[in-house]
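Student: Mind folding the following:
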Amino acid sequence: MFHNMGWHDRAFHVVGGLAILIAGLIFGSWSGIVGLIPLISAAAGQSAIYSLLKTNTCVKDEC
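Tutor: Below is the predicted model of the structure:
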């Protein structure tokens, strides 16, 4: 599978996704479910936006 996210980007996506999920839980809002999108991207190592922009932040040794 082709990866286009480096470990810095993955960590940022995990932290951001968890923050959105937790905020949704705290405020009792279903909009917190949007936090799953960056978490799934981080787990897969592939970002759809990076693919559209033809960006790759993954260092060859990491992928």
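
Student: Could you report the pLDDT at Ile49?
Tutor: We have a pLDDT of 91 for Ile49.

Student: For Arg10, which non-adjacent residue is closest in space?
Tutor: Nearest residue to Arg10 in three dimensions, chain neighbours excluded: Ala42, at 4.4 Å (Cβ to Cβ, 6 or more residues apart in numbering). The C-beta positions use only the backbone N, C-alpha and C, and glycine is treated the same way.

Student: so which strand or helix has that neighbour?
Tutor: helix 36-44 (DSSP states H and E).

Student: just the CA coordinates of that helix, formatted as CSV?
Tutor: Presented in CSV, the C-alpha positions along helix 36-44 are these (Å, rounded to 0.1, in the frame of the first residue of the first chain):
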residue,chain,number,x,y,z
LEU,A,36,-12.6,9.6,13.1
ILE,A,37,-11.5,10.9,9.7
PRO,A,38,-8.0,12.0,10.8
LEU,A,39,-7.7,8.8,13.0
ILE,A,40,-8.4,6.5,10.1
SER,A,41,-6.0,8.5,7.8
ALA,A,42,-3.3,8.2,10.4
ALA,A,43,-3.9,4.4,10.8
ALA,A,44,-3.8,3.9,7.0
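
Student: Quick check, the residue nearest to Arg10 in contact with Val14.
Tutor: Yes. Between Ala42 and Val14 there is a contact at 4.9 Å, judged by Cβ atoms under 8 Å.

Student: more neighbours, these two?
Tutor: When Ala42 and Val14 are compared for neighbours, Ala42 comes out ahead with 21 against 15, by other Cβ atoms under 10 Å.

Student: For Ile20, give me its contacts.
Tutor: Ile20 is in contact with 32, 34-35, 38, counting by Cβ atoms under 8 Å, 6 or more residues apart in numbering.

Student: Find the centremost residue of the protein, please.
Tutor: Against the mean C-alpha coordinate of the chain, by Cα atoms, centre = their mean, the closest residue is Pro38 at 2.9 Å.
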